[in-house]
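[1] predicted model and sequence below, questions to follow.
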Amino acid sequence: MRQQIAAANWKMNLTYQQGEQLLDVLLKEAIALKDHQRAVFAVPFPYLIMAAQKLDGKKGYAVSAQNCSDKKSGAYTGEVAAEMLKSINIPYCVLGHSERREYFGEDNLTLAQKVLLCLENNITPIFCCGEPLHIREANAQQEFVATQLKESLFGLADDAIRKIVVAYEPIWAIGTGRTASAAQAQEMHKHIREFLTAKYGAATANEIPILYGGSVKGANASELFGCSDVDGGLVGGASLNASEFASIIRSLK
């Protein structure tokens, strides 16, 4: 079975002390993850080492950065390089979240550079893609997402693309309370896998986890994750509540 992943994206929330408490409470749930399951916590940069220490030795649990620079190093005040993340043993990095695209102007070619730098440093990119509402209303979402994948990922060799986690997030469902139906999620995830298959072949495409993001909650996680091409979720607001996120983790296939 493909890896099934519940990824928490804390975004710019919680103080250091609140983050510690959240992880402590969640770990007390003592969820035993199976070999193919992962719980990943994308925390703010100042909390990475703390989170890594708390999760150390916990089978299937890992920490992620929320972003990295598209530059290797240099005079880029305020930026964080993939090499820096590697130096503190961070195994995952979220790239291309719609908020980074919309608020900070990150485009597909910039994200292609970030993907390469993460892979060069043995960091698994959680690559986000997804369409805004006006694209969905025009029924152009498949072409829109295909372009994101093609321009950011399709320069990768077969062995490299196998190291990617894709997260499909319909932008109109992020933080709005609106959730794509399970049928809508499965339809887009199936399209993404077919698009990957056309480029890399079925054997490779069938190994790549594709997560759903967009108002995932404990109440809808089982239905969403039950879809054949949905391999877990990238979770925002609900990941800030320990019991809610524990419920989501337990919903993994």
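    Noted; the coordinates are in hand.
[2] got a list of contacts for stretch 241-253?
    1, 4-6, 8, 22, 25-26, 29, 31, 33, 37, 39, 216-218, 221-222, 225-226, 231-233, 235, 238-239 (Cβ atoms under 8 Å, 6 or more residues apart in numbering). C-betas here are computed from N, CA, C, even on glycine.
[3] make it 7 Å
    Contacts of stretch 241-253 with the rest of the structure, by Cβ atoms under 7 Å, 6 or more residues apart in numbering, involve 4, 6, 8, 22, 25-26, 29, 31, 37, 39, 216-218, 221-222, 225, 232-233, 235, 238-239.
[4] list only buried entries from those residues.
    4, 6, 8, 22, 26, 31, 37, 39, 216-218, 221, 225, 232-233, 235, 238-239 (16 or more other Cβ atoms under 10 Å).
[5] CA atoms of stretch 169-185 as CSV?
    Taking C-alpha atoms only, stretch 169-185 is exported to CSV below (Å, rounded to 0.1, in the frame of the first residue of the first chain):
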residue,chain,number,x,y,z
GLU,A,169,-5.9,21.6,-2.2
PRO,A,170,-8.8,23.2,-3.9
ILE,A,171,-8.2,26.8,-2.8
TRP,A,172,-11.9,27.5,-2.5
ALA,A,173,-12.0,24.9,0.3
ILE,A,174,-9.1,26.1,2.4
GLY,A,175,-10.2,27.6,5.7
THR,A,176,-13.7,28.4,4.3
GLY,A,177,-15.5,25.5,5.8
ARG,A,178,-16.4,24.4,2.3
THR,A,179,-15.0,20.9,1.6
ALA,A,180,-14.8,19.2,-1.8
SER,A,181,-17.1,16.2,-1.7
ALA,A,182,-15.5,12.8,-1.5
ALA,A,183,-16.5,12.3,-5.2
GLN,A,184,-14.9,15.7,-6.2
ALA,A,185,-11.7,14.8,-4.3
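[6] what comes up buried for that stretch?
    Those would be 169, 170, 171, 172, 173, 174, 179, 180, 182, 184, 185, for stretch 169-185 by 16+ other Cβ under 10 Å.
[7] just checking, next helix/strand downstream of the worst-scoring helix or strand of the chain on mean pLDDT?
    Every helix and strand of the chain was ranked by mean pLDDT, DSSP states H and E. The lowest is helix 133-137, at a mean of 90. Note on helix 133-137: by DSSP states H and E, the next helix or strand toward the C-terminus is helix 141-153.
[8] residue ranges with poor pLDDT in the chain?
    Applying pLDDT under 70 to the chain picks out no residues at all.
[9] now the helices for it?
    Counting by DSSP state H, the chain has helices at residues 16-27, 48-55, 82-87, 98-104, 108-120, 133-137, 141-153, 158-161, 182-200, 202-205, 218-225, 242-250.
[10] quick check: closest non-adjacent residue to residue 229.
    residue 189 (3.8 Å; Cβ to Cβ, 6 or more residues apart in numbering).
[11] now swap in residue 227 and tell me
    Counting by Cβ to Cβ, 6+ apart, the residue nearest residue 227 is residue 186, at 3.9 Å.
[12] okay, residue 171 and residue 220: tell me how far apart.
    Distance from residue 171 to residue 220, counting by Cβ to Cβ, to the nearest Å: 18 Å.
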